[in-house]
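[1] Output the structure for:
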Amino acid sequence: MAKKGGLTSKFYRETRGIKVAGGQFVRAGTVLTREGDKWKPGLNVTGEMHLNAICDGKIYFSRKRNKYNKQVTYVNVQPVAANGPEKA
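    I've put the predicted structure just below:
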């Protein structure tokens, strides 16, 4: 396998996919997925293959069936209040 961007092929495979977990706080512009046709953009998320957060907030996932009756996972960002993330 050829090297991609100066990385070893093993490390390159590990850098693809989902980058965040459900309930995790993210800032606007954060990369949520890379090379992901498994996930679709939901609320406050933009992009096609590389999904990015539009606003600051918490990540949550939802599943729906598309017109072909296949289950699709959507990545969403729930915005937080203007005063910043909640401290527990």
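[2] Nearest residue to the middle of this protein?
    residue 32 (2.7 Å; CA atoms, centre = their mean).
[3] Name all residues that make contact with that residue.
    Applying CB atoms under 8 Å, 6 or more residues apart in numbering, one finds that residue 32 lies in contact with 18, 19, 20, 26, 39, 45, 51, 52, 53, 59, 75. For the C-beta atoms, the positions are set from N, CA and C on the backbone; glycine is no exception.
[4] got it, and residue 46?
    Contacts for residue 46 (CB under 8 Å, 6+ apart) come out as 52, 54.
[5] mind checking the backbone torsions on it?
    Its backbone dihedrals place residue 46 at phi -130, psi 160, with angles given as degrees, to the nearest 10.
[6] Surely residue 40 touches residue 73?
    Yes: shown here, residue 40 and residue 73 form a contact pair, counting by CB atoms under 8 Å, at 7.1 Å.
[7] With neighbour numbers in mind, choose between the two.
    Shown here are residue 40 and residue 73; by other CB atoms under 10 Å, residue 40 has more neighbours (18 against 14).
[8] By mean pLDDT, which helix or strand of this protein comes out lowest?
    helix 9-14 (a mean of 61; mean pLDDT, DSSP states H and E).
[9] Quick check: what element follows that helix along the chain?
    As assigned by DSSP states H and E, the chain's next helix or strand after helix 9-14 is strand 17-18.
[10] What are the contacting residues of that following strand?
    Residues from elsewhere that reach strand 17-18, judged by CB under 8 Å, 6+ apart: 32, 33, 34, 35, 36, 39.
[11] Tell me which residues of whatever helix or strand residue 58 lives in come out buried.
    Following DSSP H and E, one finds residue 58 within strand 57-65. Going by neighbour count (16 or more other CB atoms under 10 Å), the buried part of strand 57-65 is 57, 58, 59.
[12] Excluding covalently adjacent residues, which one is nearest to the second one?
    Beyond its immediate neighbours in the sequence, the residue positioned closest to residue 58 (CB to CB, 6 or more residues apart in numbering) is residue 78, lying 4.9 Å away.
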